[in-house]
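>>> Need a 3D model of the following:
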Amino acid sequence: MDDVEFDRRMMRRVMAKHCPEMPLIVARNLGEARARLRSENVSILFLDNALPDGMGVDFLTEMKADKALSQVPVIIVSDFPSPFMYAKAQAAKVCEVWSKREFVGAAVRRVMQKHVQIH
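This is a model prediction of the structure:
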């Protein structure tokens, strides 16, 4: 999920090229994410940290408290990952924390193979 259209387009391009077999569901804020996580079968979540209605890293606490969502692998993708954000993400057991420039084909394919078992 990401609130910036430019970043959403970049993520769509990377996913379409490197993981075309994986459908992409996009949310622009935490409210949309909650709705989509409840209505869709989500295999992995790429989560922006700074969203219009809250912080992604804080949303992790909510996800971990929900049995249905607690097992969804999460990669935080942030413009400016801070040491504080890394610490909160690590405490919430996210898979990885990336800067947005690290959202590239090889990295996406690697985490998809590791956490979603695609080939």
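>>> excluding its backbone neighbours, what's nearest residue 37?
residue 69 (5.8 Å; CB to CB, 6 or more residues apart in numbering). Placement of C-beta: from N, CA and C, glycine included.
>>> Settle this for me: the one you found is touching residue 59, isn't it.
No - taking contacts as CB atoms under 8 Å, residue 69 lies outside contact range of residue 59: 9.8 Å.
>>> These two: which is more packed in?
residue 59 (25 against 19; other CB atoms under 10 Å).
>>> for the helix or strand encompassing the more buried one, what is the average pLDDT?
Element membership for residue 59, per DSSP states H and E: helix 56-65. Averaging pLDDT along helix 56-65 gives 90.
>>> Touching it from outside, list them.
The contact list for helix 56-65 (CB atoms under 8 Å, 6 or more residues apart in numbering) reads 1, 30, 33, 37, 45, 47-51, 69-70, 72, 74, 76, 78, 85, 88-89, 92-94.
>>> swap in stretch 38-55?
For stretch 38-55, contacts defined as CB under 8 Å, 6+ apart pick out 1-4, 7, 11, 22, 25, 28-31, 33, 36-37, 56-57, 59-60, 63, 68, 72-79, 81, 85, 103, 111-112, 115-116.
>>> In helices, which of those fall?
Using DSSP state H, the members of these that fall in helices are 7, 11, 30-31, 33, 36-37, 56-57, 59-60, 63, 85, 111-112, 115.
>>> low pLDDT regions in the protein?
For the chain, the stretches flagged by pLDDT under 70 are 1-3, 117-119.
>>> if we go to 80?
1-4, 80-81, 117-119 (pLDDT under 80).
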